[in-house]
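>>> Sequence first, then the predicted structure, then my questions.
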Amino acid sequence: MTPDDYVAMQLRLECIGFDEDGRLIRIAGPDPDDLGRVYAYRHGDGFCLYVRADMPAALYRALQDLGAQAAFEDAAAVQAILAPDVPCDDVSQWRTYRLTSPDPGLRSGVITLTEAHQPLMDAYHPGTTLGKWPIYAVVTQDPGDVSAIRAACVSVRENDETAESYVYTDPAWRGRGLGRQVTAAWGAGVLARGKVPFYSYLMTNEASARLVQGLPSVYCFDSVVYN
């Protein structure tokens, strides 16, 4: 697959597709993400630029004239183009990897939660319901024989071809590699289901950047989204 294929795959995961002119539209799916106005990407084959289908024609032409590389590198230029329509104050920068098969030792000690663990999940991350997608976790017991979840990873969204991770570690247990263990187990589970496991994070999230560096993974792309 090409880098552009992986970009399109992640967009489909967010329920974003393309019309006949190559502009972004909402498509059917289980977990739609916000549909931004402009998406600029940098990957191994260069740069690409996508614009939402309802953008005014004059702004669309101005963005095409600006070009994909400038749209990725120069947020102020894109914001200036968008301002006559609706001012753009929401710009986010992301990095995306796809996880590859981890060594079994990397996910040692991780279990797949069952419905019996729901009380533990209620205490750990209220509002998360077991059953939609497998949740991989590290569970410990204290000397009083009280169990608790210390780290967990689950698909924040998933379709029939790919999934994207959400990992959370108990603040008191961070720095022990537990987030890496549960994410490795999640990635292995997604691969076993015949899907591509994506790991994405905001470029300002240093903890997530460190976590993925300890996992077998392949860099996919960087993206800038203008809402």
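Cool, got the structure.
>>> same for the helix ranked longest in the chain, what does it pack against?
With secondary structure taken from DSSP state H, the chain has its longest helix at helix 178-192. In this structure, helix 178-192 makes packing contacts with strand 91-99, strand 136-141, strand 147-158, strand 162-169, strand 196-202, helix 206-213, judged by 3 or more CB pairs under 8 Å, 6 or more residues apart in numbering; DSSP states H and E. Where C-beta positions appear, they are placed from N, C-alpha and C, glycine not excepted.
>>> at 6 Å what do you get?
strand 136-141, strand 147-158, strand 162-169 (3 or more CB pairs under 6 Å, 6 or more residues apart in numbering; DSSP states H and E).
>>> which residue sits closest to G177, ignoring its sequence neighbours?
The shortest distance from G177 to any non-neighbouring residue, by CB to CB, 6 or more residues apart in numbering, is to G214 (7.3 Å).
>>> pLDDT value on that neighbour, please?
Predicted confidence (pLDDT) at G214: the value is 90.
>>> now swap in the one 3 residues further on and tell me
Per-residue confidence for S217 comes out at a pLDDT of 96.
>>> dump the residue contacts of I149.
By CB atoms under 6 Å, 6 or more residues apart in numbering, the contact set of I149 is L120, Y124, A137, V139.
>>> rerun that using 10 Å as the cut-off
Each residue near I149 by CB atoms under 10 Å, 6 or more residues apart in numbering is listed here: 111, 113, 117, 120-121, 123-125, 128, 135, 137-140, 168-170, 173, 182.
>>> how many neighbours does A57 have?
7 (other CB atoms under 10 Å).
>>> And it, how close does it get to D222?
28 Å (CB to CB, to the nearest Å).
>>> any low-confidence regions in the chain?
Applying pLDDT under 70 to the chain picks out residues 143-146.
>>> Let's check: the centremost residue of it is which one?
Centroid-nearest residue in the chain, with CA atoms, centre = their mean: S200, separated by 3.6 Å.
>>> Distance-wise, check that one relative to Q93.
11 Å.
>>> Tell me the residues that contact both of those two, please.
What both S200 and Q93 touch, as defined by CB under 10 Å, 6+ apart, is the set S223.
>>> Give me the buried positions along the longest helix of the chain.
For helix 178-192, burial by neighbour count (16 or more other CB atoms under 10 Å) applies to 178-191.
>>> ok so, going back, quick one: closest of the helices and strands packed on helix 178-192 to P3.
Nearest to P3, of all the helices and strands packed on helix 178-192, is strand 162-169, at 14.6 Å by CB to CB.
>>> Give me the helices and strands touching the closest one, please.
Applying 3 or more CB pairs under 10 Å, 6 or more residues apart in numbering; DSSP states H and E, one finds that strand 162-169 contacts helix 3-13, strand 91-99, strand 136-141, strand 147-158, helix 178-192, strand 196-202, helix 206-213.
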